[in-house]
Structures are given as structure tokens and as C-alpha cells.
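# Sequence first, predicted coordinates after that:
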Amino acid sequence: MITPAVILHGGVGLWKGDRGPVEAGLRRALDAAWGALKLGAPGEEALTAALSILEDEQVFNAGFGSCLNELGQVRCDATLMRGNGDFCGFMNMARIRRPSQIALRDFAPGQKLLRVWTDALMTAVDKASPDFKKLCGWVASEDEMIAPHVATMAKQRLSGVAQAGLKPLADTVGCVVRDAEGRAFSGTSTGGIWGKREGRVGDAPIVGAGVFADDALGGLSATGSGEFILASALSAYVISALRAVSLSKAGLSQAVLQQEVDLAAKRFSGECFGLICIPKYGQPCFAVNSDDSLAVALRALDGSGHEYQQVGVIARK
Ligand code: ASP
């Protein structure tokens, strides 16, 4: 039987410190996506509701909490995908605190488009209606994109006390949804990596790498060292595993997902890899490589039709 399910992540990392704000953000995002699904909202709207909440929270490296590039600027990437093959994403976005809302606005039926953010796209949002500007978290200046937590971390990095001081509490965000009809939806939103090269693009907005959905197989969202998620083709291996289990209408076992993550981590040691997944059949699952933790939240129905959920910052078992 196919049942609805939601899983979201708040990134992978070696985090210390208070997990309260991370878990609170994950819970609110999970409630938003699940509530929207229950009300019959399209899957991409349900997952964008969750992503927007996480993008607003400065503890996550997405939207308002995004890290800074080599020029000290926030530049965001976000892509949404439907399991029918449609996708819509933007890379290197400036002055938008909820990048997923820009992708959702442009996510017309049949859309298959990844776009680099340009001055013309920025000007179009500068001239948009006040309601839309509010919805997507438009801000007038670059400085308004830098969250207080991020500004403090940036100062510590400059003064060389990053190791001892404040650390990121969480990272990139992603959400995967399976609706009551078994359709798959996925979205990933990120500020990228600290000090990234100007114009750098990681895995997060790339279809088949950081984000993927296929109604016949399920959906996934990845997080971690973007260059190495791309180079390892981690998500491609997971998609292949999803194909294998879908033929027998089985779920993807946590062990298989973990094995793929471990293989990527073995090939590129020292890098971090995390992945969430909802297969076409069966339960949501996630995996993270051995040294790191994944901020994760999921809600689904068990074999007896009872709702269950898990929320936390979880290390590899
Ligand atoms: N994968 C993201 C990137 O490389 C960063 C992350 O997930 O932490 O842009």
C-alpha cells in the first residue's frame, strides 16, 4: 500500500552546541509539510512550506542563515523537482531569504529549467509586488542577508578562532515528500560552503545529485561536500538501488543507503555525505557517513497505518 511520507534534513556536519533551535526548526518544518499534504496541497507546495521555514532560521545554511562566499556575500542555490520529471532551480541567488519560493513561483507544469541568477532576474524581483517580495523574503541590501549568527562566525574566522568558538549548528536543507497517490517530490536549498569561490555551484541544485524525484522510484535530497557528492555520483548509485527495489515493490533498506554513503566516504575520506530518501514503496530512510551527524526529521505511517515520527541530530549507527 502507498502512504504519504515526509522526510527533511538540516544538513550534515560535525556539530557541537545547543541542538534545541535545530530540532525546533525541523519540527516546525515537518509540521508544515505534513499539514499541507493532509490538506491536499501539491507535493511541491508542501515541501516548499518546510524549506521556507528552514531558510528563515539562521541556524541552517540556506536562505537567511547562509554562509558567506569568498567575497563575504550570501549566494544561494535551490531546486525543486516533481516525480514526473519537471524541475525548476536557481543558482547563485542574491538578496532572497527564501530561495525555494522563487523556484516554486516559476515551477509551471512541464517546466524543466535550471537558471543562474542574473541582474535581470534580481531586477524583476526588485520590481515585484510587495506581497511576493514578502513571500520570498526579498531584502534591499546584501547586508540584510547576513544573519547575526553568520556574522559572528565570519568575524571569528577572520580572527582565527573558528575552531574554539561558535560553529555552525546545522547546514543545507532538503525535503522529500511522497503524496497519498505515491507521487514523489524533492527540494534542496543551500548557501553552499564557507568561503566558496564566486559563482561556485555545488551538488544541491543539480538534478540527479543534490535533488531527485521519480514517481516510479521515489525521491532524495543530498547534503555534504558538494564537489564530492558530484564526483562520487552518490545519488546516481542510490537512484540505481531505488530502481532495483521498485521492481519488487520493496522499500529501500537503511543498510543499502548506508552502504552507498560509506562507499562515497571511503573513496573521498575526510569529506561528509548525508542523504535522505523516500522510496516509492516502504519507509523514509537516511544515512550519514561515520564522522558526521545528520539533522533529520521524518513522519510517515507504519505497517498498521499509525503515524510515527523521528526528529533529531543523528550520528551514524
Ligand atoms: N552540499 C552543499 C554544497 O556543496 C553543502 C551542504 O550540504 O552542506 O553546496
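That came through fine.
# Any residues of the stretch 1-150 of the chain in contact with the ligand? List them.
Contact residues, the stretch 1-150 of the chain versus the ligand (CB under 6 Å from any ligand atom): G11, N61. Quick note: C-beta positions are derived from backbone N, CA and C, even for glycine.
# Could you check how far E198 is from V139?
20 Å (CB to CB, to the nearest Å).
# Neighbour count: these two, which is higher?
Shown here are E198 and V139; by other CB atoms under 10 Å, V139 has more neighbours (16 against 10).
# Quickly find the element holding A287.
strand 285-288 (DSSP states H and E).
# buried residues in whichever helix or strand comes after that strand?
For strand 285-288, the following helix or strand on the C-terminal side (DSSP H and E) is strand 293-301. Neighbour counts over strand 293-301 (16 or more other CB atoms under 10 Å) mark S293, L294, A295, V296, A297, L298, R299, A300 as buried.
# Is strand 293-301 positioned near the ligand?
No: counting by CB under 6 Å from any ligand atom, the ligand is not contacted by strand 293-301; separation bottoms out at 10.3 Å.
# average pLDDT for that strand?
Strand 293-301 shows a mean pLDDT of 95.
# Stretch 185-199 now?
Mean pLDDT, stretch 185-199: 96.
# Out of the buried residues of strand 293-301, which comes closest to N84?
Distance to N84 across those (CB to CB) is lowest for A300, with 21.9 Å.
# Give me the neighbour count for the residue nearest to the closest one when sequence neighbours are not counted.
Excluding the flanking residues, the one nearest A300 by CB to CB, 6 or more residues apart in numbering is A5, at 3.8 Å. Applying other CB under 10 Å, we find 25 residues neighbouring A5.
# Is A5 in contact with R178, as I believe?
Yes: look at A5 against R178 with CB atoms under 8 Å: they come within range, at 4.6 Å.
# residue ranges for the strands of this structure, please.
For the chain, applying DSSP state E gives strands covering 5-13, 76-82, 87-93, 112-116, 173-178, 184-190, 211-214, 218-224, 273-279, 285-288, 293-301, 307-315.
# then the fourth one to PDB, C-alphas only?
C-alpha atoms of strand 112-116 as PDB (Å, rounded to 0.1, in the frame of the first residue of the first chain):
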ATOM      1  CA  LYS A 112      12.500  21.800 -16.800                       C
ATOM      2  CA  LEU A 113      14.900  24.600 -16.100                       C
ATOM      3  CA  LEU A 114      17.900  25.400 -14.000                       C
ATOM      4  CA  ARG A 115      18.900  29.100 -14.100                       C
ATOM      5  CA  VAL A 116      21.900  31.100 -13.000                       C
END
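# average model confidence for it?
Across strand 112-116, the average pLDDT comes to 98.
# What are the buried residues along that strand?
Within strand 112-116, the residues that qualify as buried are L114, R115, counting by 16+ other CB under 10 Å.
# Just checking the distance from it to the centre of its chain.
17 Å (CA atoms, centre = their mean, to the nearest Å).
# Tell me which strands it pairs with, and in which orientation.
Strand 112-116 has its sheet partners listed here by DSSP bridges as strand 87-93 (parallel).
# Likewise for the fifth one?
With DSSP bridges as the criterion, the sheet partners recorded for strand 173-178 are strand 5-13 (antiparallel), strand 184-190 (antiparallel).
# Next, the angle from the first one to strand 293-301.
With axes from the mean of the first three to the mean of the last three CA atoms, to 10 degrees defining the directions, strand 5-13 sits at 180 degrees from strand 293-301.
# could you give the mean pLDDT of strand 5-13?
In this model, strand 5-13 has an average pLDDT of 94.
# Figure out how far the strand holding A287 is from the centre of its chain.
Here strand 285-288 is found 13 Å from its chain centre; the criterion is CA atoms, centre = their mean.
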